[in-house]
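Peer 1: Please work out how this folds:
(one chain, ligands or ions: 1)
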Amino acid sequence: MTDSSTGENAAYGRRDPDALARRAGARADPDRDQHFLVDDRVLDRIPGYLPDGADTSHLLEIGGGAGALTDRLLATASDASGRLTVIERDGAFADFLREEFAAAVADGLLDVVEGDALDVEFPPFTVCVANLPYGVSSEIAFRLLPEKKPLVVMFQAEFADRMVASAGESEYGRLSVSAQHYADVEIAERVPKEAFDPQPAVESAVVRCTPRDPEYTVGDEAFFLRFVKALFTQRRKTVRNAVRNTAHISGLDDPEAVVDAADEELLGSRPGTLEPAAFAALAELARERGSPTEA
Ligand SMILES: C[S@@+](CC[C@H](N)C(=O)[O-])C[C@H]1O[C@@H](n2cnc3c(N)ncnc32)[C@H](O)[C@@H]1O
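Peer 2: A predicted model of the protein is given here:
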């Protein structure tokens, strides 16, 4: 092993983030969703947020940047005799990652895929750990969540708060119900702006998603998610009016039949107070009585 700041032969998990950024040459550009994590303590903690016993045989990182988190994930992959795939859209950083971690690439430990994480096919990963590009974090999260694999992912704190919110809380909404449909979602750590360079405008948070089946069943997942989306566009209305007013979003041909069949107390409540299981039960009733058409 050589000096960890010089790169190529250094053991994984010890590279200095500022030295990596210097070697990468190109400066992180906030307009391209590039905010690099430069706080070693945060970087060191992130892989440890994976659920106990998680299968780390194939890690996925989205948005490798100058490789500070990549380096920590290579340590995790290498300890587990596993591998890491990094998807990075910026060609300059993708090239840099291949050079910086050339030994890992040669050993089959690392695969760098240059491409847009919204388009490229994901490899058959077992866990995903990433400091996501915030401009597309929602789209990426909803590509990842249905894969039902553990995720440890950095989001804007406000987005993270909405993901973990419970019924009745002000942040509770479509995002909470949709994310919690796939996983137990919790905030592992809040991360201040100062941990990044350049600093983002807002605070961040690391979120852990541990996949599990929901405590309810739905016959048509796509309809359930569409129905939740529809009702939350009218979160201040009663459920009765929300069902009636959002048929153009939910696709219900006969919303009145749903209102006729549903429980009075439920119809008088607000979408923001409904537990996910109550949404699921109402969505099932809507599917049976409301003649939904395909999206
Ligand atoms: C917030 S930075 C994180 C960089 C690095 N992982 C770190 O923690 O320092 C996000 C990275 O995602 C890349 N990126 C932005 N949009 C992307 C997309 N649609 N698909 C893949 N990578 C993307 C950026 O180029 C940038 O390197």
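Peer 1: contacts, neighbours, all on C-alpha from now
Peer 2: Fine.
Peer 1: Please, where are all the helices along the chain?
Peer 2: Counting by DSSP state H, one finds helices in the chain at the ranges 17-24, 40-45, 68-79, 91-100, 102-106, 137-144, 157-164, 174-182, 221-232, 239-245, 247-250, 255-261, 264-268, 276-289.
Peer 1: is any part of the fourth one close to the ligand?
Peer 2: No: between helix 91-100 and the ligand, judged by C-alpha under 6 Å from any ligand atom, nothing touches; the nearest distance is 6.8 Å.
Peer 1: on that earlier part again, turn the helices of the chain into a markdown table, including mean neighbour count.
Peer 2: Listed next are those as a markdown table, based on neighbours: other C-alpha atoms under 10 Å:
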| stretch | mean neighbour count |
| --- | --- |
| helix 17-24 | 18 |
| helix 40-45 | 16 |
| helix 68-79 | 23 |
| helix 91-100 | 19 |
| helix 102-106 | 16 |
| helix 137-144 | 15 |
| helix 157-164 | 20 |
| helix 174-182 | 22 |
| helix 221-232 | 20 |
| helix 239-245 | 22 |
| helix 247-250 | 18 |
| helix 255-261 | 18 |
| helix 264-268 | 14 |
| helix 276-289 | 20 |
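Peer 1: So residue 269 versus residue 163, what's the distance?
Peer 2: Separation of residue 269 from residue 163 (C-alpha to C-alpha, to the nearest Å) stands at 22 Å.
Peer 1: which stretches of the protein aren't confidently modelled?
Peer 2: The model of the chain has pLDDT under 70 over residues 1-10, 295.
Peer 1: Contact residues of it facing the ligand?
Peer 2: 32-37, 62-65, 67-69, 87-90, 115-118, 131-133.
Peer 1: of those, buried ones?
Peer 2: 33-37, 62-65, 67-69, 87-90, 115, 117, 131-133 (16 or more other C-alpha atoms under 10 Å).
Peer 1: Assess the claim that residue 231 and residue 271 are in contact.
Peer 2: Yes: here residue 231 reaches residue 271: they are 6.3 Å apart, a contact under C-alpha atoms under 8 Å.
Peer 1: Are there residues contacting both of those two? Which ones?
Peer 2: Common contacts of residue 231 and residue 271 (C-alpha atoms under 8 Å, 6 or more residues apart in numbering): 239, 242.
Peer 1: circling back to that earlier point, for the helices of the chain, give me JSON lines that also has distance to residue 208.
Peer 2: Converted to JSON lines, the helices of the chain look like this (distance: least, C-alpha to C-alpha, whole Å):
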{"stretch": "helix 17-24", "distance to residue 208": "23"}
{"stretch": "helix 40-45", "distance to residue 208": "13"}
{"stretch": "helix 68-79", "distance to residue 208": "16"}
{"stretch": "helix 91-100", "distance to residue 208": "25"}
{"stretch": "helix 102-106", "distance to residue 208": "27"}
{"stretch": "helix 137-144", "distance to residue 208": "12"}
{"stretch": "helix 157-164", "distance to residue 208": "10"}
{"stretch": "helix 174-182", "distance to residue 208": "11"}
{"stretch": "helix 221-232", "distance to residue 208": "21"}
{"stretch": "helix 239-245", "distance to residue 208": "31"}
{"stretch": "helix 247-250", "distance to residue 208": "30"}
{"stretch": "helix 255-261", "distance to residue 208": "36"}
{"stretch": "helix 264-268", "distance to residue 208": "32"}
{"stretch": "helix 276-289", "distance to residue 208": "19"}
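Peer 1: Return the nearest residue of the stretch 151-295 of the chain with respect to the ligand.
Peer 2: residue 196 (7.5 Å; C-alpha to the nearest ligand atom).
Peer 1: Any idea what that residue is bridged to?
Peer 2: residue 37 (DSSP bridges).
Peer 1: just residue 207 next, same as before
Peer 2: residue 153, residue 187.
Peer 1: which non-adjacent residue is nearest residue 244?
Peer 2: Spatial nearest neighbour of residue 244, excluding adjacent residues (C-alpha to C-alpha, 6 or more residues apart in numbering): residue 255 at 5.5 Å.
Peer 1: Now for the residue of the stretch 151-295 of the chain closest to the ligand, how many residues are close by?
Peer 2: Using other C-alpha atoms under 10 Å, residue 196 has 16 neighbouring residues.
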